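J.: Sequence plus the predicted model coming up.
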Amino acid sequence: MEPRRSLPRQGLARRVLRRVHVASLHQRNRPVSATARFASLLVVVLAGAMMAISARTSGGTDLRPDRNQDLVGLVRSQAEANLELQRKVEAQRNQVDALGVSTGGEDATGRRALEQANKEAGLTPVKGPAMRVTLTDAPLSVKPMGIDEDLLVVHQQDIQMVVNVLWAAGAEAMTIQGQRVTSLTGIKCVGNTVVLRGVPYAPPYVITAIGDPARLEAALATSKEVAVYKEYVDAYRLGWKQERLAQVRMPGYTGSLALEKASVER
């Protein structure tokens, strides 16, 4: 439903003038005092002033913008702030890594262990052959009777399902919307967007996994969860596309490494 909008200023002024005119007709057969004449004149002058001031202030636009526009602007500004923080974290981490190399030159074994740990944690860039899966919402023109519209869009559980299938098939590294996936990656649905590390994304949702393309492809072909999703693809034109890639490059994870909920098992 379209949101309610404020009335045009000129229409408001016309209604005020119409009411003054009607009131004057009712008073035509009655004696009119000087005070009443002055009051009527004052109303007309104020209505004209309101119309002129509103037109000058608005510049031809609505003085009360849609609340949805304010929310969209807020989401965009917050996403830009999150991206700027991620860039600062990445720069600081690079400085820490450089300091670690400069001070640990005599301990080659420790340096190799650190490099391996960073690789396993997804902190270093990688490259290799990959499988890419793209999920999209059904077209807006698809409106089947009796079907909940929520079933015609991609949800976080659909993305997580594909991610889990690819990990189980031996994926060595993965990205969603170009962001490196690690054990700290969370996928959240917010309205009609998916949020990753504080950044909202709209479909299409692109999942890329480095690994043996034949194994990854076979896992997608035999997964029961993928088969259910593809039923909606056939019935309601939900989007599904998969392709092999000969070589891809993936960035290292640059987000925070702090754990807020996990604790060491004793």
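T.: Received the coordinates, thanks. Numbers count the residues shown, from 1 in each chain.

J.: wait, doesn't residue 167 sit right on residue 174?
T.: Yes: Residue 167 lies in contact with residue 174 (Cβ atoms under 8 Å); the separation is 7.2 Å. Glycine gets a C-beta too; all of them are placed from N, C-alpha and C.

J.: got any residues that touch both of the two?
T.: By Cβ atoms under 8 Å, 6 or more residues apart in numbering, residue 167 and residue 174 have these common neighbours: residue 209.

J.: Between those two, tell me which one has more neighbours.
T.: residue 174 (23 against 16; other Cβ atoms under 10 Å).

J.: Check the secondary structure at residue 158 for me.
T.: Counting by DSSP: H, G, I helix; E, B strand; the rest coil, the backbone at residue 158 sits in helix.

J.: list the contacts for it?
T.: By Cβ under 8 Å, 6+ apart, the neighbours of residue 158 are 135, 229.

J.: how close does it sit to residue 223?
T.: Between residue 158 and residue 223 the computed distance is 12 Å (Cβ to Cβ, to the nearest Å).

J.: Same question for residue 146.
T.: Taken as Cβ to Cβ, the span from residue 146 to residue 223 is 28 Å.

J.: who's more crowded, those two?
T.: Neighbour count, other Cβ under 10 Å: between residue 146 and residue 223, residue 223 has more, with 19 against 4.

J.: Assign a three-state SS to the nearest residue to the more buried one once chain neighbours are set aside, would you?
T.: Nearest residue to residue 223 in three dimensions, chain neighbours excluded: residue 165, at 4.8 Å (Cβ to Cβ, 6 or more residues apart in numbering). Applying three-state DSSP to residue 165 yields a three-state assignment of helix.

J.: I figured residue 165 was touching residue 220, is that so?
T.: Yes: with contact defined as Cβ under 8 Å, residue 165 counts as touching residue 220 (6.1 Å).

J.: anything in contact with each of these two?
T.: residue 226.

J.: pLDDT weak spots in the chain?
T.: Within the chain, the stretches with pLDDT under 70 are 1-112, 114-115, 257-262, 264, 266.

J.: For residue 249, what is the enclosing helix or strand?
T.: In this assignment (DSSP states H and E), residue 249 forms part of strand 239-250.

J.: before we move on, the earlier item: quick one: residues contacting the residue nearest to residue 223.
T.: Residue 165 makes contact with 219-220, 223, 225-226 under the criterion Cβ under 8 Å, 6+ apart.

J.: How about the contacts made by residue 175?
T.: Neighbouring residues of residue 175 by Cβ under 8 Å, 6+ apart: 181, 206-208, 250-251.

J.: Looks to me like it is in a strand.
T.: Yes: under three-state DSSP, residue 175 falls within a strand.

J.: hang on, the earlier thing: just the buried positions in the strand holding residue 249, please.
T.: For strand 239-250, a neighbour-count test (16 or more other Cβ atoms under 10 Å) marks 239-240, 248, 250 as buried.

J.: JSON lines for those, including distance to residue 154?
T.: Shown next, in JSON lines, are these (distance: Cβ to Cβ, whole Å):
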{"residue": "239", "distance to residue 154": "8"}
{"residue": "240", "distance to residue 154": "10"}
{"residue": "248", "distance to residue 154": "22"}
{"residue": "250", "distance to residue 154": "22"}
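
J.: nearest to residue 132, of these?
T.: The closest of the buried residues of strand 239-250 to residue 132 turns out to be residue 248 (Cβ to Cβ; 7.9 Å).

J.: I figured that closest one hits residue 128, correct?
T.: Yes: using Cβ under 8 Å, residue 248 is in contact with residue 128, at 7.1 Å.

J.: Find the residues that touch each one of those two.
T.: In contact with both residue 248 and residue 128: residue 210, using Cβ under 8 Å, 6+ apart.

J.: in this structure, which spans are strands?
T.: For the chain, the strands defined by DSSP state E occupy 126-136, 173-176, 179-180, 187-190, 193-196, 199-201, 205-210, 239-250.

J.: Direction included, what does the second one pair against?
T.: In its sheet, strand 173-176 lies beside strand 179-180 (antiparallel), strand 205-210 (antiparallel), with partners assigned from DSSP bridges.

J.: Now do residue 195: how many residues are near it, please.
T.: Applying other Cβ under 10 Å, I find that residue 195 has 18 neighbouring residues.
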